[in-house]
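Visitor: I need the structure of the sequence given here:
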Amino acid sequence: MILPQQTKTRILIVDDSSFMRMAIRSVLSKEPSFDVVGTAADGMEGVEKAIALKPDIITMDVEMPRMDGIAALKQIMAKAPTKVIMVSTLTNEGAKSTFEALDSGAIDYIPKNVTDSTDAQNIFRQELMRKIKEAIASNIRRLPAATTSVIRPATPAISAPQRPTSSKFSGKKIQYVGIGASTGGPVALQEVLSRIPVNFPYGIMVGIHMPKAFTGPYADRLNAKCSMTIREAVDGDILKPGLALVAPGGMHTTLVRHGSQIIVKTLPTSSYPQYVYIPSVDLMLSSMAESTNGAMLGVILTGMGSDGFKGMQLLKQKGGVTIAQDEATSTIYGMPKACVDGGVADEVLPLGQIGFEISKFM
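Guide: Residues are numbered from 1 along each chain as shown. Here you go, the predicted structure:
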(Lines give C-alpha, C1' and ligand atoms only; values in the text may rest on other atoms or scores of the structure.)
Protein backbone atom coordinates (compact mmCIF):
# COMPACT_ATOMS: atom_id res chain seq x y z
CA MET A 1 0.00 0.00 0.00
CA ILE A 2 1.36 3.39 -1.05
CA LEU A 3 0.63 6.17 1.43
CA PRO A 4 -0.21 9.61 0.00
CA GLN A 5 2.78 11.95 0.10
CA GLN A 6 2.49 14.73 2.67
CA THR A 7 2.33 18.20 1.15
CA LYS A 8 5.28 20.31 2.26
CA THR A 9 5.15 24.00 3.08
CA ARG A 10 6.99 25.84 0.31
CA ILE A 11 9.17 28.70 1.58
CA LEU A 12 11.02 31.49 -0.23
CA ILE A 13 13.87 33.30 1.58
CA VAL A 14 14.54 36.94 0.60
CA ASP A 15 17.62 38.54 2.19
CA ASP A 16 20.58 40.48 0.84
CA SER A 17 22.94 38.76 3.30
CA SER A 18 24.28 35.46 2.00
CA PHE A 19 25.01 34.50 5.60
CA MET A 20 21.37 35.09 6.63
CA ARG A 21 20.05 33.21 3.60
CA MET A 22 22.21 30.21 4.51
CA ALA A 23 21.36 30.51 8.21
CA ILE A 24 17.61 30.61 7.59
CA ARG A 25 17.83 27.75 5.09
CA SER A 26 19.83 25.71 7.59
CA VAL A 27 17.21 26.18 10.30
CA LEU A 28 14.27 25.41 8.02
CA SER A 29 15.91 22.35 6.45
CA LYS A 30 15.75 20.60 9.82
CA GLU A 31 11.95 20.48 9.56
CA PRO A 32 10.88 17.64 7.18
CA SER A 33 7.59 19.37 6.36
CA PHE A 34 9.34 22.51 5.06
CA ASP A 35 10.71 22.90 1.53
CA VAL A 36 12.87 25.93 0.74
CA VAL A 37 11.95 26.42 -2.91
CA GLY A 38 14.25 29.38 -3.55
CA THR A 39 16.22 32.35 -2.28
CA ALA A 40 16.52 35.95 -3.47
CA ALA A 41 19.21 38.56 -2.75
CA ASP A 42 17.01 41.68 -2.94
CA GLY A 43 13.41 42.80 -3.12
CA MET A 44 13.24 42.95 -6.90
CA GLU A 45 14.38 39.34 -7.24
CA GLY A 46 12.06 38.44 -4.36
CA VAL A 47 9.02 39.76 -6.22
CA GLU A 48 10.00 37.88 -9.39
CA LYS A 49 10.48 34.61 -7.54
CA ALA A 50 7.31 35.05 -5.49
CA ILE A 51 5.34 35.28 -8.73
CA ALA A 52 7.21 32.45 -10.45
CA LEU A 53 7.54 29.96 -7.57
CA LYS A 54 4.24 30.65 -5.77
CA PRO A 55 5.56 29.81 -2.28
CA ASP A 56 3.27 29.32 0.70
CA ILE A 57 5.38 31.55 2.93
CA ILE A 58 8.10 34.17 2.35
CA THR A 59 10.67 35.39 4.87
CA MET A 60 11.52 38.96 3.86
CA ASP A 61 14.41 41.08 5.06
CA VAL A 62 13.53 44.75 5.54
CA GLU A 63 16.72 46.53 4.46
CA MET A 64 17.95 45.47 1.00
CA PRO A 65 19.48 47.13 -2.11
CA ARG A 66 17.62 47.85 -5.36
CA MET A 67 14.24 47.29 -3.69
CA ASP A 68 13.72 47.13 0.07
CA GLY A 69 11.45 44.69 1.86
CA ILE A 70 8.54 47.10 2.26
CA ALA A 71 8.37 47.93 -1.45
CA ALA A 72 8.74 44.25 -2.34
CA LEU A 73 6.01 43.27 0.10
CA LYS A 74 3.57 45.78 -1.41
CA GLN A 75 4.21 44.43 -4.91
CA ILE A 76 3.84 40.83 -3.78
CA MET A 77 0.55 41.55 -2.01
CA ALA A 78 -0.73 43.26 -5.16
CA LYS A 79 0.48 40.66 -7.68
CA ALA A 80 0.70 37.35 -5.81
CA PRO A 81 -0.71 37.59 -2.25
CA THR A 82 1.38 35.40 0.04
CA LYS A 83 1.95 34.98 3.76
CA VAL A 84 5.03 37.13 4.40
CA ILE A 85 7.10 37.18 7.60
CA MET A 86 9.40 40.19 7.92
CA VAL A 87 12.91 39.80 9.33
CA SER A 88 13.82 43.05 11.07
CA THR A 89 16.58 44.38 13.30
CA LEU A 90 16.01 45.00 17.01
CA THR A 91 16.26 48.77 16.59
CA ASN A 92 13.89 51.71 16.65
CA GLU A 93 14.08 52.04 12.87
CA GLY A 94 13.64 48.29 12.49
CA ALA A 95 10.49 48.49 14.59
CA LYS A 96 9.04 51.36 12.56
CA SER A 97 9.66 49.49 9.30
CA THR A 98 8.10 46.36 10.77
CA PHE A 99 4.85 48.10 11.66
CA GLU A 100 4.69 49.67 8.20
CA ALA A 101 5.12 46.16 6.78
CA LEU A 102 2.31 44.78 8.95
CA ASP A 103 0.04 47.57 7.74
CA SER A 104 1.02 46.69 4.16
CA GLY A 105 0.08 43.03 4.47
CA ALA A 106 2.86 41.14 6.27
CA ILE A 107 1.40 38.50 8.56
CA ASP A 108 4.12 38.60 11.22
CA TYR A 109 7.74 39.51 11.93
CA ILE A 110 10.91 38.02 13.40
CA PRO A 111 13.32 40.35 15.19
CA LYS A 112 16.96 39.46 14.61
CA ASN A 113 19.70 40.39 17.03
CA VAL A 114 22.79 41.26 14.99
CA THR A 115 25.23 39.97 17.59
CA ASP A 116 27.42 36.88 17.72
CA SER A 117 25.81 35.76 20.98
CA THR A 118 24.96 32.07 20.96
CA ASP A 119 21.88 32.76 23.07
CA ALA A 120 20.65 35.40 20.61
CA GLN A 121 21.19 33.02 17.69
CA ASN A 122 19.32 30.24 19.46
CA ILE A 123 16.41 32.57 20.22
CA PHE A 124 16.27 33.60 16.56
CA ARG A 125 16.17 29.94 15.45
CA GLN A 126 13.38 29.12 17.87
CA GLU A 127 11.39 32.19 16.89
CA LEU A 128 11.83 31.47 13.19
CA MET A 129 10.43 27.95 13.52
CA ARG A 130 7.58 29.12 15.74
CA LYS A 131 6.62 32.00 13.45
CA ILE A 132 6.66 29.81 10.35
CA LYS A 133 4.39 27.26 12.01
CA GLU A 134 2.06 30.00 13.21
CA ALA A 135 1.97 31.47 9.72
CA ILE A 136 0.94 28.10 8.29
CA ALA A 137 -2.09 28.11 10.59
CA SER A 138 -2.87 31.79 10.09
CA ASN A 139 -5.62 33.55 8.22
CA ILE A 140 -4.22 35.66 5.35
CA ARG A 141 -7.26 37.95 5.18
CA ARG A 142 -6.31 41.58 5.70
CA LEU A 143 -8.30 44.53 6.95
CA PRO A 144 -9.52 46.97 4.30
CA ALA A 145 -7.05 49.79 3.76
CA ALA A 146 -9.46 52.31 5.25
CA THR A 147 -9.26 50.64 8.67
CA THR A 148 -5.49 50.33 8.80
CA SER A 149 -4.63 53.94 8.03
CA VAL A 150 -6.49 56.01 10.57
CA ILE A 151 -6.30 59.79 10.65
CA ARG A 152 -6.53 61.45 14.06
CA PRO A 153 -9.95 63.18 14.02
CA ALA A 154 -10.22 66.86 14.90
CA THR A 155 -13.21 66.12 17.13
CA PRO A 156 -14.30 62.77 18.57
CA ALA A 157 -17.14 61.24 16.66
CA ILE A 158 -18.73 57.82 16.90
CA SER A 159 -21.34 57.05 14.27
CA ALA A 160 -24.29 55.45 16.04
CA PRO A 161 -25.56 53.45 13.05
CA GLN A 162 -22.17 51.71 12.81
CA ARG A 163 -22.25 50.49 16.38
CA PRO A 164 -23.27 46.87 16.86
CA THR A 165 -26.39 46.30 18.88
CA SER A 166 -25.94 44.32 22.07
CA SER A 167 -28.05 43.74 25.16
CA LYS A 168 -25.56 41.67 27.15
CA PHE A 169 -23.76 44.73 28.53
CA SER A 170 -26.85 46.74 29.49
CA GLY A 171 -26.44 48.11 32.99
CA LYS A 172 -22.85 46.88 33.28
CA LYS A 173 -20.43 49.33 34.87
CA ILE A 174 -16.69 49.41 34.21
CA GLN A 175 -13.84 51.65 35.30
CA TYR A 176 -10.96 50.25 33.24
CA VAL A 177 -10.25 48.27 30.08
CA GLY A 178 -7.59 45.57 29.61
CA ILE A 179 -6.70 44.32 26.12
CA GLY A 180 -4.45 41.38 25.18
CA ALA A 181 -3.14 40.25 21.78
CA SER A 182 -0.31 38.44 20.03
CA THR A 183 0.12 37.35 16.38
CA GLY A 184 -1.84 39.77 14.20
CA GLY A 185 -2.21 42.04 17.23
CA PRO A 186 -0.37 45.15 16.01
CA VAL A 187 -2.86 45.75 13.19
CA ALA A 188 -5.84 44.54 15.24
CA LEU A 189 -5.08 46.83 18.18
CA GLN A 190 -4.73 49.81 15.86
CA GLU A 191 -8.15 49.04 14.44
CA VAL A 192 -9.74 48.77 17.90
CA LEU A 193 -8.10 51.80 19.51
CA SER A 194 -8.73 54.01 16.47
CA ARG A 195 -12.48 53.65 17.10
CA ILE A 196 -12.29 54.95 20.69
CA PRO A 197 -12.83 58.72 21.10
CA VAL A 198 -10.42 61.12 22.77
CA ASN A 199 -12.78 61.72 25.71
CA PHE A 200 -13.15 58.03 26.62
CA PRO A 201 -13.66 58.13 30.40
CA TYR A 202 -11.67 55.01 31.37
CA GLY A 203 -8.00 54.06 31.38
CA ILE A 204 -6.86 51.28 29.05
CA MET A 205 -4.00 48.81 29.61
CA VAL A 206 -2.68 46.89 26.59
CA GLY A 207 -0.55 43.74 26.68
CA ILE A 208 0.94 42.41 23.43
CA HIS A 209 3.75 39.92 22.93
CA MET A 210 6.59 42.10 21.61
CA PRO A 211 10.32 42.44 22.28
CA LYS A 212 11.61 45.33 24.37
CA ALA A 213 12.81 47.43 21.43
CA PHE A 214 9.40 47.34 19.73
CA THR A 215 6.79 48.35 22.30
CA GLY A 216 7.92 52.00 22.56
CA PRO A 217 7.85 52.67 18.80
CA TYR A 218 4.58 50.74 18.54
CA ALA A 219 2.95 52.90 21.22
CA ASP A 220 4.21 56.03 19.43
CA ARG A 221 2.72 54.76 16.18
CA LEU A 222 -0.66 54.12 17.81
CA ASN A 223 -0.58 57.57 19.42
CA ALA A 224 -0.08 59.18 16.00
CA LYS A 225 -3.00 57.26 14.48
CA CYS A 226 -5.61 57.29 17.26
CA SER A 227 -7.60 59.94 19.12
CA MET A 228 -6.62 58.77 22.60
CA THR A 229 -3.25 59.45 24.15
CA ILE A 230 -1.23 56.24 23.87
CA ARG A 231 2.28 55.58 25.16
CA GLU A 232 4.50 52.84 26.53
CA ALA A 233 3.93 52.26 30.25
CA VAL A 234 6.64 52.83 32.85
CA ASP A 235 6.77 51.63 36.44
CA GLY A 236 4.59 53.85 38.65
CA ASP A 237 2.25 55.05 35.87
CA ILE A 238 -1.36 55.71 36.86
CA LEU A 239 -4.19 54.42 34.65
CA LYS A 240 -6.19 57.53 33.80
CA PRO A 241 -9.27 58.34 31.68
CA GLY A 242 -8.47 58.93 28.02
CA LEU A 243 -5.06 57.24 28.32
CA ALA A 244 -3.99 53.87 26.89
CA LEU A 245 -0.73 52.37 28.17
CA VAL A 246 1.17 49.63 26.31
CA ALA A 247 2.94 47.13 28.58
CA PRO A 248 6.70 47.32 27.87
CA GLY A 249 8.37 44.36 26.18
CA GLY A 250 11.02 42.22 27.81
CA MET A 251 9.34 42.27 31.24
CA HIS A 252 6.00 41.62 32.93
CA THR A 253 3.41 44.21 33.91
CA THR A 254 0.97 44.05 36.81
CA LEU A 255 -1.61 46.52 38.09
CA VAL A 256 -2.05 47.28 41.79
CA ARG A 257 -4.44 49.48 43.72
CA HIS A 258 -3.07 52.40 45.72
CA GLY A 259 -5.93 54.24 47.38
CA SER A 260 -8.33 55.19 44.61
CA GLN A 261 -5.75 54.74 41.86
CA ILE A 262 -4.58 51.79 39.75
CA ILE A 263 -0.81 51.81 39.43
CA VAL A 264 1.44 50.08 36.88
CA LYS A 265 4.18 47.85 38.28
CA THR A 266 6.81 46.40 35.93
CA LEU A 267 8.75 43.33 37.01
CA PRO A 268 11.59 41.24 35.57
CA THR A 269 10.60 37.97 33.92
CA SER A 270 12.52 36.09 36.64
CA SER A 271 9.83 37.17 39.12
CA TYR A 272 7.24 35.09 37.25
CA PRO A 273 9.09 32.20 35.54
CA GLN A 274 5.83 30.27 35.12
CA TYR A 275 4.66 32.66 32.39
CA VAL A 276 6.04 31.71 28.96
CA TYR A 277 4.74 34.69 27.04
CA ILE A 278 6.33 38.10 27.65
CA PRO A 279 4.71 40.36 28.63
CA SER A 280 2.11 37.95 30.02
CA VAL A 281 -1.50 38.88 29.23
CA ASP A 282 -2.71 36.43 31.89
CA LEU A 283 -0.64 38.15 34.57
CA MET A 284 -1.66 41.62 33.43
CA LEU A 285 -5.40 40.85 33.28
CA SER A 286 -5.42 38.81 36.51
CA SER A 287 -3.78 41.66 38.42
CA MET A 288 -6.21 44.14 36.86
CA ALA A 289 -9.17 41.97 37.84
CA GLU A 290 -7.90 41.86 41.42
CA SER A 291 -7.02 45.54 41.70
CA THR A 292 -10.30 46.74 40.15
CA ASN A 293 -12.40 44.06 41.90
CA GLY A 294 -13.84 43.14 38.52
CA ALA A 295 -14.97 46.65 37.55
CA MET A 296 -13.41 46.39 34.10
CA LEU A 297 -13.77 45.16 30.55
CA GLY A 298 -11.36 42.49 29.31
CA VAL A 299 -10.72 42.07 25.58
CA ILE A 300 -8.76 39.29 23.89
CA LEU A 301 -7.73 39.74 20.27
CA THR A 302 -5.96 37.54 17.72
CA GLY A 303 -2.99 35.45 18.84
CA MET A 304 -1.50 31.97 19.09
CA GLY A 305 -1.87 29.94 22.28
CA SER A 306 -4.12 30.63 25.26
CA ASP A 307 -2.46 33.55 27.05
CA GLY A 308 -5.22 35.69 28.52
CA PHE A 309 -7.69 32.89 29.25
CA LYS A 310 -6.86 32.62 32.97
CA GLY A 311 -7.01 36.39 33.34
CA MET A 312 -10.40 36.53 31.65
CA GLN A 313 -11.59 33.60 33.78
CA LEU A 314 -10.71 35.46 36.99
CA LEU A 315 -12.32 38.62 35.63
CA LYS A 316 -15.56 36.74 34.95
CA GLN A 317 -15.52 35.30 38.47
CA LYS A 318 -15.30 38.85 39.80
CA GLY A 319 -18.25 40.02 37.70
CA GLY A 320 -16.32 41.77 34.95
CA VAL A 321 -17.25 42.08 31.27
CA THR A 322 -15.42 40.21 28.49
CA ILE A 323 -15.11 40.35 24.70
CA ALA A 324 -13.22 38.00 22.36
CA GLN A 325 -12.45 38.57 18.68
CA ASP A 326 -14.21 36.17 16.32
CA GLU A 327 -12.51 33.52 14.21
CA ALA A 328 -13.26 35.04 10.81
CA THR A 329 -11.31 38.25 11.52
CA SER A 330 -8.51 36.75 13.62
CA THR A 331 -5.10 36.21 12.05
CA ILE A 332 -4.65 33.36 14.56
CA TYR A 333 -7.73 32.11 16.39
CA GLY A 334 -5.88 30.79 19.43
CA MET A 335 -6.16 33.25 22.31
CA PRO A 336 -9.77 34.23 21.52
CA LYS A 337 -10.74 30.59 20.94
CA ALA A 338 -9.44 29.61 24.38
CA CYS A 339 -11.75 32.20 25.92
CA VAL A 340 -14.73 31.17 23.80
CA ASP A 341 -14.25 27.44 24.37
CA GLY A 342 -13.65 28.07 28.08
CA GLY A 343 -16.95 29.94 28.38
CA VAL A 344 -15.45 33.23 29.56
CA ALA A 345 -16.39 35.44 26.60
CA ASP A 346 -19.59 37.47 27.05
CA GLU A 347 -19.42 38.57 23.42
CA VAL A 348 -17.60 37.25 20.35
CA LEU A 349 -17.32 40.06 17.83
CA PRO A 350 -15.70 40.83 14.46
CA LEU A 351 -12.64 43.04 14.82
CA GLY A 352 -14.32 46.02 13.17
CA GLN A 353 -17.04 46.11 15.86
CA ILE A 354 -14.91 45.79 19.01
CA GLY A 355 -13.77 49.41 19.26
CA PHE A 356 -17.33 50.64 18.84
CA GLU A 357 -18.52 48.19 21.49
CA ILE A 358 -15.91 49.46 23.95
CA SER A 359 -17.05 53.04 23.24
CA LYS A 360 -20.60 52.15 24.33
CA PHE A 361 -19.45 52.15 27.94
CA MET A 362 -19.09 55.95 27.87
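Visitor: Enumerate the positions of the biggest helix by length in the chain that are buried.
Guide: Secondary structure of the chain per DSSP state H: the longest helix is helix 118-137. Neighbour-count burial for helix 118-137 flags 124-125, 127-128, 131-135 (criterion: 16 or more other CB atoms under 10 Å). To be clear about C-beta, it is placed using only N, CA and C from the backbone, and glycine gets the same treatment.
Visitor: For residue 178, list each beta-bridge partner.
Guide: Per DSSP bridges, residues listed as beta-bridge partners of residue 178: residue 205, residue 298.
Visitor: If I follow the layout properly, it ends up in contact with residue 205?
Guide: Yes - with contact taken as CB atoms under 8 Å, residue 178 and residue 205 are classed as touching, separated by 5.0 Å.
Visitor: Residues that sit against both of these two, list them.
Guide: 284, 288 (CB atoms under 8 Å, 6 or more residues apart in numbering).
Visitor: the more surrounded of the two?
Guide: residue 178 (31 against 26; other CB atoms under 10 Å).
Visitor: who touches that one in this structure?
Guide: Contacts for residue 178 (CB under 8 Å, 6+ apart) come out as 204-207, 284-285, 288, 296-299, 311, 315.
Visitor: Could you do residue 238 as well?
Guide: 203, 261-264 are the contacts of residue 238 under CB under 8 Å, 6+ apart.
Visitor: By neighbour count, which of those wins?
Guide: Neighbour-wise, the contacts of residue 238 (other CB under 10 Å) top out at residue 203, 24 neighbours.
Visitor: That one reaches residue 262, doesn't it?
Guide: Yes - taking CB under 8 Å as the contact criterion, residue 203 and residue 262 are neighbours in contact, 7.0 Å apart.
Visitor: which neighbours do those two share?
Guide: Common contacts of residue 203 and residue 262, defined by CB under 8 Å, 6+ apart, comprise 176, 238-239.
Visitor: Let me have the residues you listed in JSON lines, extended by secondary structure.
Guide: Below are the shared contacts of residue 203 and residue 262 laid out as JSON lines (DSSP: H, G, I helix; E, B strand; the rest coil):
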{"residue": "176", "secondary structure": "strand"}
{"residue": "238", "secondary structure": "strand"}
{"residue": "239", "secondary structure": "coil"}
